[in-house]
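Visitor: fold the following.
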Amino acid sequence: MKLLKLRWTPLYFTSERIHLFSRNLSLERIVSSHIRKPEYYYRFRYPGNTMGVSDIKNALQIEAIRVSCKMAGQVLEACSQLIKAGTTTDEIDAFVHDQIISGGGYPSPLRYAGFPKSVCTSINNVACHGIPDATQLADGDIINVDVTVFLNGYHGDSSKTFLVGNVDDLGVFLVKSAEECLQNCIKICKPGTPFSAIGRYITDFCNIKKLNVIPAFAGHGIGKSFHEPPEILHFYNSEPGLMRAGMIFTIEPILSLGKPAVRVMEDGWTAVSVDGLRSAQFEHTILITKHGNEVLTNVN
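Guide: Reported below is the predicted structural model:
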């Protein structure tokens with residue numbers, strides 16, 4: 001894949017990748033039999049495609065997605081109690097998994113195109129898709145936790161970058177800027193706004209802040225599928241398409257202190273900055289309404 005999140009191309013789907021998928025199933029956390037699961041839980045599926053015509057959700061679909069988004073936002077906020085030096089990313093994964101399962105949902109990342117865990121945890125120079133393991137958080141780290149919930153047949157997606165203890169001024173600036181960028185992107189979302197306005201705003205914002213956006217990953221429509229149209233590019237572009245009431249999609253720019261280039265590690269998922277510098281990301285799922293927008297993953 002182009003390293004666009006919407007294409008989710010972990011290891012180019014070689015036979016070795018599918019073997020890795022099968023092996024990881026024996027290592028994953030338990031999902032209760034009564035939990036409704038997506039199709040990819042039962043057999044390997046290629047990632048969703050965001051190309052094509054954007055779907056307009058009806059009132060029943062919107063309400064179902066609103067519920068899954070609410071759970072995703074609440075679980076993400078609850079993770080704050082674990083964000084401290086000494087916590088392992090596996091502990092975060094276990095917490096997220098248990099919170100979602102206990103609420104009757106399914107952690108969307110688990111088995112999605114072979115992903116082996118229930119949440120993505122990306123520390124410092126990991127741009128996104130970090131796989132939880134025994135790594136311990138250290139004082140001064142920044143970590144993005146990306147929570148997606150599948151509930152009653154629909155997905156909801158949210159992420160946040162947390163500060164671990166005493167983060168240096170540059171790290172704090174990066175994280176605050178990434179959050180500000182997302183919030184400002186949301187403000188321009190309403191019927192009739194071009195999707196390209198999001199990428200144009202992010203580019204201008206980064207130029208002012210002396211940051212870079214990582215262009216390899218994008219926002220995406222969401223609903224019955226984890227990734228579906230529309231495609232939300234986070235860099236300056238002239239792609240066609242206008243926002244319409246009833247559309248639901250994520251905005252999730254990754255801002256970097258360094259250059260925008262990333263590479264994917266041998267695990268097929270973990271995307272790290274080539275220059276080793278830190279990045280930060282925030283994500284919300286947005287509903288376009290008749291008069292503006294609603295942030296479905298807000299917990300306030």
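Visitor: okay, CA-based contacts and neighbour counts for the rest of this
Guide: Will do.
Visitor: identify the bridge partners of E294.
Guide: Per DSSP bridges, the residues bridged to E294 are L287.
Visitor: that one touches F249, doesn't it?
Guide: No. Using C-alpha atoms under 8 Å, E294 is not in contact with F249, being 11.0 Å away.
Visitor: which one's more surrounded, the two?
Guide: Taking other C-alpha atoms under 10 Å, E294 and F249 do not tie; F249 has more neighbours (27 against 17).
Visitor: Three-state assignment for the more buried one, please.
Guide: strand (DSSP: H, G, I helix; E, B strand; the rest coil).
Visitor: Q99 versus that one, what's the distance?
Guide: Distance, F249 to Q99, by C-alpha to C-alpha, to the nearest Å: 24 Å.
Visitor: ok, I288 next?
Guide: I288 is 28 Å from Q99, where distance means C-alpha to C-alpha.
Visitor: now G156
Guide: Per C-alpha to C-alpha, G156 is found 15 Å from Q99.
Visitor: swap in L211?
Guide: Distance, L211 to Q99, using C-alpha to C-alpha: 35 Å.
Visitor: same check, this time on C185
Guide: Per C-alpha to C-alpha, C185 is found 30 Å from Q99.
Visitor: count the neighbours of L137 for me.
Guide: When neighbours are counted by other C-alpha under 10 Å, L137 registers 20.
Visitor: same question for the one 3 residues further on.
Guide: Other residues near G140 come to 17 when the count uses other C-alpha under 10 Å.
Visitor: burial count for the spatially closest residue to it that is not a sequence neighbour?
Guide: Leaving aside its sequence neighbours, G140 sits nearest to V167 (C-alpha to C-alpha, 6 or more residues apart in numbering; 4.1 Å). V167 has 14 neighbours, counted by other C-alpha under 10 Å.
Visitor: cool, D169 as well?
Guide: 8.
Visitor: contact partners for it?
Guide: With C-alpha atoms under 8 Å, 6 or more residues apart in numbering as the criterion, no residue contacts D169.
Visitor: just the pLDDT for it.
Guide: Note on D169: pLDDT of 98.
Visitor: so where's this protein shaky on pLDDT?
Guide: Per-residue confidence for the chain (pLDDT under 70) gives these ranges: 1-28.
Visitor: what ranges do the helices span in it?
Guide: With DSSP state H applied, the chain shows helices at 15-24, 59-78, 89-102, 169-187, 196-209, listed in chain order.
Visitor: much appreciated, bye for now.
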